[in-house]
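# Sequence first, predicted model second:
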Amino acid sequence: MGVEKNIVTDTISGLFDAQPDGPKYRALSAALRQGIAGKQLGSGAQLPPVRDLAWRLGMTPGTVARAYSILTDEGLLVAEVGRGTFVAGQVETKPPLYITRPRAEEADSPELVNLFTSRLPDLGQVALINQGFQRLSQRPDRALLEYPTAASFAPAREAVVGWLSSIPLGTLHHEDIVLSHGAQSAISLVMQAVLRGRRPVVLVEELAYPGFRRAAELMRAEIVSVPMDEHGIVPSALAELARKHDAQLLCTSPELHNPTVIKTPPKRRREIAEVARRSGFDILEDDCTFLGDDHTETYRALLPGKSWFVSSISKTLTPALRIGFAIAPQEKRLMLRRVAENGFFGLAKPLADLTQDLLGRDETREIVRSVRRRNAVYVRSTVNALGGFDLSWHEDSPFVWLRLPAGWRSAAFCLAAEQQGVQVRPAEDFAPRTGFAPHAIRIGMNAQVAMAEFEAALARLRQLLDNPPEQILA
């Protein structure tokens, strides 16, 4: 049976690779159609599990689930909960292990409600950005004919200092800051500044923002997962793993952990900072997901000289501009700047000027406050709909974390949710490739969706949660 599955997986992979560029779910859908039409995928053939095929093709399980769902709706595939997904036709007539539930009436619309990630509403920032570009267009033409210099970025960096003034970062000077193309770029810059040797070791939380692992892989680093509890990273486990692997860097999100919404309390942060001080590794703190003003003391304040801070405006203002900030320990700021200058010479000067313009305006801060308030409304709606389940949430979080009830696995739930017209993100996306993933999902606050549509999507999720697959006992 394993050989047959490998053959099917290899066939799908070959067909997928032959597709033209475009959205991955469309390419996979086209590959499956081609395989079915050409008989490479015969009637009754069982397709690989969503997670296995996602790993093979280098995409998320949600993308594979969406392609399966499209072809299921077209009648080319048959999804049997508890057994798998098959090419339609003479499927073996074994009794299913589970009873499938009927689709909710709300799912009749072909439109997919994307709760896979958070999305910002337009509360005035689009007009503000366009006005900013107009103001920049009035600047002397000569500004567009010169290479940018470190000194020319100083006003933008000063604006970032003001923008982050509510965060306890310790002593902060604008020269400690490098502007980056979003937070992911900032993470890569920090890793380039910190990591040394052929195979450096990077520590990450056992469930972590996938960008940490991607950046570490680009640095050819070994990635080691650190156990967590309800307060975040477990200090004793951190100390043991740091010693065992001679780790150089810990990547963490203590203010609002992505995806579990854990907020690491001050006492635990001090314990983790002490482990880092004794063990000698640096800390990279990612603060991109917390939307609030009330920050706990950062590692940069707790452990000066060994802690780096990364943030952006993607979750509070706009992700389109790709404006991020990497903040170095003061004694290492020249190292960080050198990495940026050697890598891409620095941010485009017009974009740096726009950063200065936007972050220095009172109306920008008011828009961000409005975004926070709107996000909180969507969070409260989610809690009202799903609060009876094992849900972790925070009004200043752009997502919630839901541990699924007995009877559901995250991949199966995500596939069922897509069939109901709702896209959510499985725990597998945040777990190490060879590690354990809990039966949980992350639900993003998509404030671009009207509240009625958002609540209808939550109702469909609630129906699935209330009716998990029931095993038929022999």
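Thanks, I have it. All values reported here derive from a predicted model rather than from experimental measurement. Numbering: from 1, shown residues only.

# Show me the domain layout of this protein.
For the chain, the structural domains run 2-97, 126-360, 367-466, going by automatic domain parsing.

# and the ones you listed as CSV, adding mean neighbour count?
The C-beta positions use only the backbone N, C-alpha and C, and glycine is treated the same way. Formatted as CSV, these follow (neighbours: other CB atoms under 10 Å):
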stretch, mean neighbour count
domain 2-97, 17
domain 126-360, 19
domain 367-466, 20
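
# Nearest approach to residue 114 belongs to which of these?
domain 367-466 (5.1 Å; CB to CB).

# can you give me how far stretch 355-364 is from the chain middle?
Mean-position distance between stretch 355-364 and its chain equals 26 Å (CA atoms, centre = their mean, to the nearest Å).

# Now it - C-alpha only, CSV.
Extracted as CSV, the C-alpha positions of stretch 355-364 are listed here (Å, rounded to 0.1, in the frame of the first residue of the first chain):
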residue,chain,number,x,y,z
THR,A,355,8.2,56.0,6.4
GLN,A,356,9.3,59.3,8.0
ASP,A,357,6.2,61.1,6.7
LEU,A,358,3.7,58.5,7.9
LEU,A,359,5.2,57.7,11.3
GLY,A,360,5.5,61.3,12.2
ARG,A,361,1.8,62.2,11.8
ASP,A,362,-0.8,62.3,14.5
GLU,A,363,-3.5,61.1,12.1
THR,A,364,-1.4,57.9,11.5
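
# pLDDT averaged over that stretch, what's the number?
For stretch 355-364, mean pLDDT is 95.

# Pretty sure residue 443 sits in a helix.
No: read with DSSP: H, G, I helix; E, B strand; the rest coil, residue 443 is strand and lies in no helix.

# For residue 112, which of the domains of the chain is the nearest?
Nearest of the domains of the chain to residue 112, taken as CB to CB: domain 367-466 at 5.5 Å.

# From the opening residue of the closest one to its closing one, how far?
End-to-end distance of domain 367-466 (CA to CA, to the nearest Å): 38 Å.

# And the strands in the stretch 1-150 of the chain?
For the stretch 1-150 of the chain, applying DSSP state E, counting those that start in this stretch gives strands covering 77-80, 84-87, 113-114.

# cool, and the stretch 151-300 of the chain?
Using DSSP E, counting those that start in this stretch, the strands of the stretch 151-300 of the chain run over 177-181, 201-205, 222-226, 228-229, 232-233, 249-252, 282-286.

# helices or strands up against the fifth one?
On a contact count with 3 or more CB pairs under 8 Å, 6 or more residues apart in numbering; DSSP states H and E, strand 232-233 meets strand 249-252, helix 266-279.

# Next: the third one.
Applying 3+ CB pairs under 8 Å, 6+ apart, one finds that strand 222-226 contacts strand 201-205, helix 210-218, helix 235-245.

# Just send those back as CSV, with mean pLDDT too.
Formatted as CSV, the helices and strands packed on strand 222-226 follow (pLDDT from 0 to 100):
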stretch, mean pLDDT
strand 201-205, 98
helix 210-218, 95
helix 235-245, 98
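
# where in this protein is pLDDT low?
By pLDDT under 70, the weakly predicted segments of the chain are 1-5, 81-82, 90-111, 470-474.

# what's the single longest helix in it?
helix 362-386 (DSSP state H).
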